[in-house]
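Undergrad: Whatever this is, show me its structure:
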Amino acid sequence: MRIAAVQHDIVWEDRDANFARLAPQVARAAGAGAELVLLTETFSTGFSMTPGIGEPEGGPSSQFLAAQAAEHGVWVAGTCPETDVEGELPYNTFVLAGPDGTAHRYRKLHPFADERNRFRSGTGPVTVEVGGLRVTPFICYDLRFANVFWAAAPDTDVYLVPANWPSPRRHHWSALLQARAIENQAYVVGGNPVGTAGDGTEHAGDSRIVSPMGELLATASGVETIVLADVDAAEVAATRDRFPFLGDRRDLASRPG
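TA: Numbering: from 1, shown residues only. Here you go, the predicted model:
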């Protein structure tokens with residue numbers, strides 16, 4: 001399967017403007033052969049903490065993803081602030097929309113900094129089979145917690161990691177994406193925006209697709225662009241057969257005291 005990550009600037013708190021900017025980029029990715037297109041974290045609003053920024057589950061952002069998936073016959077994913085109960089704080093929800101009208105959701109496990117006061121935390125990872133690939137999404141700050149990647153590894157061929165990772169810590173982003181690929185022997189697709197957000201946070205992009213051996217298959221710097229790479233579940237299986245590291249893991253937390 002060919003996967004694309006769209007590295008884009010985000011218009012702060014303006015869903016319609018972002019939909020208009022992103023639709024041609026999804027079309028470009030699909031035209032280049034992508035069967036799964038990843039947008040960034042909070043692709044339609046920016047990483048905003050404004051009260052009331054949430055939308056209902058199945059609201060305009062997920063409708064946009066579903067419409068793009070149906071129009072181009074591909075899977076399209078990104079995150080948006082969604083509430084499941086009126087009046088509750090939203091989740092930072094990863095929505096994976098399929099060309100057949102299906103939608104899968106993962107809710108960010110680790111809210112970052114003030115996000116803890118504005119968003120609710122999810123309860124666990126979600127893995128979806130897409131075109132013969134086992135796909136597990138995580139979101140931005142989740143990348144710092146190796147244990148959740150480890151827990152999902154036996155059933156994962158590809159991790160998708162949309163983010164709003166700030167440029168002052170860009171080397172953390174790059175290093176951690178490669179580390180998660182190497183230690184779990186799986187592909188990692190990291191999608192990050194460019195530009196300056198409405199709260200002044202600067203983003204340098206650095207979107208990339210990493211192989212199960214940690215090789216950089218596609219990278220991007222600080223401009224709007226699309227990164228593309230072909231991924232193969234057989235390559236994950238072959239890597240794990242050659243180097244059966246996962247079977248040597250030990251759960252030290254459960255050892256007797």
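Undergrad: In this structure residue 235 contacts residue 217, no?
TA: No. If you go by Cβ atoms under 8 Å, residue 235 and residue 217 don't touch, sitting 10.7 Å apart. The way it works is simple: take the backbone N, C-alpha and C, and place the C-beta from them, glycine included.
Undergrad: Check the contact lists of those two and give me the overlap.
TA: residue 211 (Cβ atoms under 8 Å, 6 or more residues apart in numbering).
Undergrad: which stretches of the chain form helices?
TA: 15-31, 60-72, 115-118, 146-152, 170-184, 233-242 (DSSP state H).
Undergrad: Show me which residues of the third one are buried.
TA: I take that to be helix 115-118. 115, 118 (16 or more other Cβ atoms under 10 Å).
Undergrad: Provide the contact partners of it at residue level.
TA: Contact with helix 115-118 is made by 47, 49, 51, 89-90, 92, 111, 141, as judged by Cβ under 8 Å, 6+ apart.
Undergrad: Identify the farthest-apart pair in those.
TA: Taking Cβ to Cβ, the two most distant members of these are 51 and 141; they sit 20.7 Å apart.
Undergrad: just the strands in the stretch 151-257 of the chain please.
TA: Assigned by DSSP state E, counting those that start in this stretch, the strands in the stretch 151-257 of the chain fall at 158-162, 187-191, 194-196, 202-204, 208-210, 216-219, 225-230.
Undergrad: what's the fourth one packed up against?
TA: Contacting strand 202-204 under the criterion 3 or more Cβ pairs under 8 Å, 6 or more residues apart in numbering; DSSP states H and E are the following elements: strand 194-196.
Undergrad: buried stuff in the strand it packs on?
TA: Residues of strand 194-196 classed as buried under the neighbour-count rule (16+ other Cβ under 10 Å) are 194-195.
Undergrad: tell me the mean pLDDT for it?
TA: The average pLDDT for strand 194-196 rounds to 98.
Undergrad: thought residue 32 was touching residue 3?
TA: No. Counting by Cβ under 8 Å, residue 3 is not a contact partner of residue 32; they are 10.9 Å apart.
Undergrad: Point out where the chain drops to low pLDDT.
TA: Along the chain, segments meeting pLDDT under 70 span 253-257.
Undergrad: Pull out the buried residues from stretch 118-131.
TA: For stretch 118-131, the neighbour count (16+ other Cβ under 10 Å) marks 118-120, 122, 125-128, 130 as buried.
Undergrad: possible to save these as a markdown table with distance to residue 201?
TA: Converted to a markdown table, the buried residues of stretch 118-131 look like this (distance: Cβ to Cβ, whole Å):
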| residue | distance to residue 201 |
| --- | --- |
| 118 | 15 |
| 119 | 16 |
| 120 | 22 |
| 122 | 23 |
| 125 | 27 |
| 126 | 27 |
| 127 | 30 |
| 128 | 30 |
| 130 | 31 |
